[in-house]
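>>> sequence first, predicted model second:
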Amino acid sequence: MSPSAPRRGPGPGARPAARPPAARLPERGAAVSPARRAAWTVVRRVLEQDAYADRALMTEAEGLEPRDRALAKQLAFGAVQRRGTLDWVIARLAPGKKLEPPVRAALHLGIYEQLFLGTADHASVDQAVELAKPSYGYKLVNAVLRRLQREGIELPGDETIAGAAVRHSHPQWLVTLWWKELGADATRALLAADNEPAELALRINTLADVDEAALPPGRREGDALVVEGPFDVAGSPLFRAGVITPQSRAAQMVAPFLDPQPGERVLDLCAAPGGKTTHLAALMRAEGEVVAVERHPGRARALTAACRRMHATNVTVVQADARTFTSGRPFDRVLVDPPCSGLGTLRTHPDLRWKVTPDAIAGLVVVQDRILAAAQAALAPGGTLVYATCTISAAEDRLASEDRFRTLPHVDGTDGFSVARVTGATRSGQPAA
């Protein structure tokens, strides 16, 4: 399950120096493109309010033309992903300068365009300068970007942990973790993959009437469709009719691993937003019962709506805390999809790498163990339990089993998942003798 990282309040951002009463702010010049304006606002909200970039983009890009919306996403997600690298560049081209968040956001976009998109220099500079106005920090934006034009800059190599953290823009603690768990070469490949655009994968819903000719072009892998080219999922009539739903190929491997059968009683803990829940229902041909547990009232309502849209008529949504969930009747199969650090989804959640901390992982492990214990208590003798997390963190692999699989972005081209299964489990969660 995607993480729900604790939110922090707005950062203290430096204030501009006091100006004489007669001073006049500089006027804006050339108009800023709608895509850049939306991207800048998203980056500002991430910097100032600790907002989630994907949620902020949904608001700020509303009403944009498809081309502008795509550019806004590319700019905003790229600048947020590369924040570590961009701040490293700023520290070298403008050492010791304190920047207001709006100015820093404009500078992030300008540097990102120059270093990673190859945008024409005059466009990246002029637009970033205009975004920084009316603050007098626009002069610094202009100076830094002009210097970057003239001199360029060489990023550190990734032969060391510190260099790799800057070059690939990941927090150093995370690079250290993966360096230890995966090895240096695999870590470098994973870091690079995290900054690539994520593929758009859909699941074709077998509970709906599917007209294959109406599906967008792409590569089919069973019920998975990897879309080629741009496609507005939420705006598609196929989505509204429950024919398709966005779901990574890695996430689509989880429900089949549990292998639910028609007529069985299945428990899905921490079920929202419902991708795996509705997949379980489809594999069961909507026969039997899926009990989907979600603690948050709003997410439980959204889960109910998703099940209705996806024709998952055998799903019962229960608003309850998965850590303390009990049932009078045992379940044939149980899926545990607990809150996790989400470190396997950094391509689709560009700000997540800056939100997760080692302390947060330690806290999540406690929650995961409690949910796993509740799942084990609800499992019928001889039943099957699957524990799945969308992360790359050995500490969060809480179910001991040799029957498991892992996906990695740099190897499999999809999200990073760790999935383990036990069949005939005891209440301790270990395989029965």
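Sure thing, it's come through. Bear in mind the structure is a predicted one, so any value in this text is a computation, not a measurement.

>>> contacting residues around residue 165?
Taking Cβ atoms under 8 Å, 6 or more residues apart in numbering, we find residue 165 in contact with 84, 171-172, 174-175. Heads up, the C-betas are built off the backbone N, CA and C, glycines and all.

>>> for it, give me the backbone phi and psi.
Here is the backbone geometry of residue 165 (degrees, to the nearest 10): phi -60, psi -40.

>>> before we move on, the earlier item: out of the contacts of residue 165, list just those in helices.
If you go by DSSP state H, the contacts of residue 165 have 84, 172, 174-175 in helices.

>>> got TSV for the residues you listed, with neighbour count, pLDDT and distance to residue 214 too?
Shown next, in TSV, are those (neighbours: other Cβ atoms under 10 Å; pLDDT from 0 to 100; distance: Cβ to Cβ, whole Å):
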residue	neighbour count	pLDDT	distance to residue 214
84	17	97	43
172	14	98	48
174	24	98	42
175	25	98	44
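
>>> ok, those residues vs residue 298, which is closest?
residue 174 (30.2 Å; Cβ to Cβ).

>>> ok, and the closest non-adjacent residue to that closest one?
Excluding its sequence neighbours, the residue lying closest to residue 174 (Cβ to Cβ, 6 or more residues apart in numbering) is residue 353, at 6.6 Å.

>>> neighbours of that neighbour, how many?
22 (other Cβ atoms under 10 Å).

>>> any idea how far it is from residue 105?
From residue 353 across to residue 105, the span is 18 Å (Cβ to Cβ, to the nearest Å).

>>> which of the contacts of residue 165 sits closest to residue 269?
Closest approach to residue 269 among the contacts of residue 165 (Cβ to Cβ): residue 174, at 27.1 Å.

>>> in contact with that closest one, which residues?
Residue 174 makes contact with 165, 343, 353, 356, according to Cβ under 8 Å, 6+ apart.

>>> quick one: the helices in the stretch 201-350 of the chain?
Assigned by DSSP state H, counting those that start in this stretch, the helices in the stretch 201-350 of the chain fall at 237-240, 254-258, 275-283, 297-309.

>>> how far does the longest one sit from the chain's center?
Meaning helix 297-309. 20 Å (Cα atoms, centre = their mean, to the nearest Å).

>>> now the third one
Its chain's C-alpha centre and that of helix 275-283 lie 21 Å apart, by Cα atoms, centre = their mean.

>>> which helices and strands sit right next to it?
Packing contacts for helix 275-283, counted by 3 or more Cβ pairs under 8 Å, 6 or more residues apart in numbering; DSSP states H and E, involve strand 244-246, helix 254-258, strand 265-269, strand 289-294, helix 297-309, strand 315-319.

>>> got the CA positions of it in CSV?
The C-alpha coordinates for helix 275-283 follow below in CSV (Å, rounded to 0.1, in the frame of the first residue of the first chain):
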residue,chain,number,x,y,z
GLY,A,275,-6.6,-1.7,-6.9
LYS,A,276,-5.8,-5.0,-5.3
THR,A,277,-9.2,-5.3,-3.8
THR,A,278,-11.0,-5.1,-7.1
HIS,A,279,-8.4,-7.4,-8.6
LEU,A,280,-9.2,-10.0,-6.0
ALA,A,281,-12.9,-9.7,-6.9
ALA,A,282,-12.1,-10.1,-10.6
LEU,A,283,-10.0,-13.2,-10.0
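
>>> mind starting the numbering at 804 from now?
All right, first residue 804 from here; so that's helix 1078-1086.
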